[in-house]
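Undergrad: model this:
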Amino acid sequence: MNQRRAVGILAPTALAAWSWSGLAQSQAPKTPYPEMAPVEQYRIASREDEIALARSASPPSISGDARPSISGDARVLVLGSRGYETAVKGKNGFVCFVERSWAAGFDDPEFWNPKLRAPNCFNPPAARTELPQYLKRSEWVLAGATRQQIINRTRAAVASHDFKAPEPGAFSFMLSKNGYLSDDAAGPWLPHVMFFLLHGQANDWGANKEGSPIVGRDGSAIETTILVVPVRSWSDGSPAPPPPEKHLIAGEDQGRIKAALEERYKEWLAAENRRDAETLTNFYDDNAVLMPSKEEPVIGKAAIGEWHKKLVADPRFVPFTLTLDWNSFHLVGDVAITTAVFEGDLTRDGRQIHFRGKALLVWKKQKDTSWKIFRYMYDEIPAKK
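TA: Residues are numbered from 1 along each chain as shown. As a prediction, the model looks like this:
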C-alpha cells in the first residue's frame, strides 16, 4: 500500500498529505483523472449514509454516536448542491464530514478521483481555521472552477488573509475503517490523527526521521503543513494493522512527480493558447534559460517573460493542439530532467500545418516545494522527404 496516498487526504485539510509520502515507490502512469468527473459521481446517494460515514472518523464519544455521549454531538456536514450543508447541529465544537478528492494537494494525480471518500473530524481550532478553506474550495469546485482557478483563488485568499493560519492545537481524527483514501490504498489506509501547523515546521516535529512515528512534510507556501501520526485502533475500537516498519519517504515518489510535471506542462500549454504571458512567465525559475528553436538563448525569468509577451502579441501566433510523449524522466535531488517528442497542429491563413519536434525540459524544485522550469530547449524535427 502507498502511504503517500493515505496522507494525501489531508491538505488543505486531509487529502494533501497523501500527495507526498510513499511507502512503496510506484512508477505511476499519467493520471487517469485529468479533469473533474460528472458531479454526481462525487455524491453519496443516501444522506443518512454520509452522516454515518462522517461520524465514523472520530471516537464515538466525540462524534455523538455513543450512548451516552461525553460532551454532546459534533456538527455533521454533508455535500449539497452548492457546497457542504449542516445535517446535524453540534454542541462540542467538533465538525465531522466526508472529504472529496479536491481536498488533495494541487499536484496530486488523484485530485479529481471521484471514488475518494475521506471521513474526517476537526477539533474546534481546526474547525475555525482549516475547515473554512476546504468548504470554500468545495464551493468553487461545485461552481465549475478548474484546478488552476482554484490555485489562483487560494493564493489570493492567503494573500488577503481571508484564509487564516492554523490555530495552535488544531488537529483532526481520521479513524474510519470505511473510507477510500486513494486507488493505491484501495481503502482507508491506517487510522491516524492529523496536526495542522504553520508552513515550515515539519522538520521541527521530527517528521519522516528514522524511527519517527510522525509522517509529513511542508507543502507549498499556500498550503498548511499537515503531520500524521498512525494510531492503534479504528473508531469502532477494533485493532488496526501495524504500520510499516520503515517510512520510505526520504526519496519522493518519482511516478507521482512525473505525473504532476506532465500536468503542469499541460497547464503551461493552456496558458500559451490563452496568450497569457504572465502565467507563462510564472512557470519559470528565476534563473531559467529558454533556448527556442533557431534563436539566441533567453536568460533569466524577466527576459523570458518579455519573450513570451512578444510571442503571444504577434498577430501570426494562433492557438494550436499538441501532444507530448515523455520518453525519459530522471530525478536527481531537486532537479527533474525530462525529454519528449511532441506533435501538433495549427491553422494559419486558412492552411492547416502539422509540426513535430523534440524537447528537453529541466525542472527545479522551489523552496515552497513547487516545480518550475529551469532549462527548456526545443527544436523541430524536419518532415521526412
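Undergrad: all contacts plus neighbour counts: C-alpha atoms, from now on.
TA: Will do.
Undergrad: show me where the stretch 51-200 of the chain has its helices.
TA: Per DSSP state H, counting those that start in this stretch, the stretch 51-200 of the chain carries helices over the ranges 60-63, 124-129, 131-142, 147-159.
Undergrad: mind putting these in CSV, mean pLDDT included?
TA: Output for the helices of the stretch 51-200 of the chain, formatted as CSV (pLDDT from 0 to 100):
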stretch, mean pLDDT
helix 60-63, 71
helix 124-129, 96
helix 131-142, 97
helix 147-159, 93
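Undergrad: please work out which of the ones you listed is packed deepest.
TA: Highest mean neighbour count of the helices of the stretch 51-200 of the chain: helix 60-63, a mean of 22 (counted as mean count of other CA atoms under 10 Å).
Undergrad: I figured Gly90 was touching Val76, is that so?
TA: Yes. Using CA atoms under 8 Å, Gly90 makes contact with Val76 at a distance of 7.2 Å.
Undergrad: comparing those two, which residue is more hemmed in?
TA: Applying other CA atoms under 10 Å to Gly90 and Val76 shows that Val76 carries more neighbours, namely 25 against 17.
Undergrad: any idea what that one is bridged to?
TA: As for beta bridges, Val76 partners with Val88, Cys96 under DSSP bridges.
Undergrad: does Val229 sit in a helix or strand, and which one?
TA: In this assignment (DSSP states H and E), Val229 forms part of strand 225-230.
Undergrad: let me see the mean pLDDT of the following helix or strand past that strand.
TA: Next along the chain after strand 225-230, taking DSSP H and E as the criterion, comes helix 254-273. Computed over helix 254-273, the mean pLDDT rounds to 86.
Undergrad: just the angle for helix 254-273 relative to helix 147-159, thanks.
TA: Between the axes of helix 254-273 and helix 147-159, defined by axes from the mean of the first three to the mean of the last three CA atoms, to 10 degrees, the angle is 90 degrees.
Undergrad: elements contacting helix 254-273?
TA: helix 277-282, strand 320-332 (3 or more CA pairs under 8 Å, 6 or more residues apart in numbering; DSSP states H and E).
Undergrad: pick the most buried one from these.
TA: helix 277-282 (a mean of 18).
Undergrad: show residues contacting it.
TA: 268, 271-272, 301-302, 304-305, 308-309, 312 (CA atoms under 8 Å, 6 or more residues apart in numbering).
Undergrad: try 7 Å
TA: 268, 271-272, 301, 304-305, 308-309 (CA atoms under 7 Å, 6 or more residues apart in numbering).
Undergrad: okay if I get those residues as JSON lines plus distance to Trp371?
TA: Output for the contacts of helix 277-282, formatted as JSON lines (distance: CA to CA, whole Å):
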{"residue": "Trp268", "distance to Trp371": "12"}
{"residue": "Ala271", "distance to Trp371": "17"}
{"residue": "Glu272", "distance to Trp371": "18"}
{"residue": "Lys301", "distance to Trp371": "14"}
{"residue": "Ile304", "distance to Trp371": "17"}
{"residue": "Gly305", "distance to Trp371": "17"}
{"residue": "His308", "distance to Trp371": "19"}
{"residue": "Lys309", "distance to Trp371": "22"}
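Undergrad: for those residues, pick the one with the most neighbours.
TA: Ranking those using other CA under 10 Å puts Ile304 first, with 23 neighbours.
Undergrad: any idea how far Val289 is from that one?
TA: To Val289, Ile304 is 8 Å away according to CA to CA, to the nearest Å.
Undergrad: nearest residue to the middle of the chain?
TA: The centre of the chain sits closest to Gly105, judged by CA atoms, centre = their mean, with a distance of 2.0 Å.
Undergrad: report the buried residues of stretch 108-126.
TA: Neighbour-count burial for stretch 108-126 flags 108-126 (criterion: 16 or more other CA atoms under 10 Å).
Undergrad: how about the CA coordinates for that stretch, as CSV?
TA: This file holds the C-alpha atoms of stretch 108-126, laid out as CSV (Å, rounded to 0.1, in the frame of the first residue of the first chain):
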residue,chain,number,x,y,z
ASP,A,108,-1.9,15.2,-6.7
PRO,A,109,-2.7,12.9,-9.6
GLU,A,110,-6.0,11.9,-7.8
PHE,A,111,-7.2,15.5,-7.3
TRP,A,112,-10.3,14.7,-9.4
ASN,A,113,-10.7,11.0,-8.4
PRO,A,114,-14.5,10.6,-7.9
LYS,A,115,-14.1,7.4,-5.8
LEU,A,116,-12.3,9.1,-2.9
ARG,A,117,-14.2,9.4,0.4
ALA,A,118,-12.2,10.5,3.4
PRO,A,119,-14.2,10.7,6.7
ASN,A,120,-12.6,13.5,8.9
CYS,A,121,-13.4,15.2,12.1
PHE,A,122,-11.9,18.5,13.0
ASN,A,123,-11.4,19.8,16.6
PRO,A,124,-12.6,23.3,17.4
PRO,A,125,-9.3,25.1,16.4
ALA,A,126,-9.1,23.2,13.1
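Undergrad: which ones among the buried residues of stretch 108-126 lie within strands?
TA: Judged by DSSP state E, the subset of these located in strands is 118-122.
Undergrad: hmm, who's touching the helix or strand containing His354?
TA: Taking DSSP H and E as the criterion, His354 maps to strand 351-365. Under the contact criterion CA under 7 Å, 6+ apart, strand 351-365 has outside partners 334-347, 371-381.
Undergrad: I'd like the next helix or strand past that strand.
TA: Counting by DSSP H and E, what follows strand 351-365 is strand 371-380.
Undergrad: quick one: average confidence on that next one?
TA: Strand 371-380 shows a mean pLDDT of 93.
Undergrad: one more: stretch 220-228?
TA: Rounded mean pLDDT across stretch 220-228 is 86.
Undergrad: CA atoms of it as CSV?
TA: In CSV, the C-alpha atoms belonging to stretch 220-228 read as follows (Å, rounded to 0.1, in the frame of the first residue of the first chain):
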residue,chain,number,x,y,z
SER,A,220,3.6,24.8,-0.9
ALA,A,221,3.5,28.2,0.8
ILE,A,222,-0.2,28.4,0.3
GLU,A,223,-1.0,25.1,2.0
THR,A,224,-1.0,24.3,5.6
THR,A,225,1.7,21.8,6.9
ILE,A,226,0.0,18.6,7.9
LEU,A,227,1.6,15.9,10.1
VAL,A,228,0.1,12.5,10.5
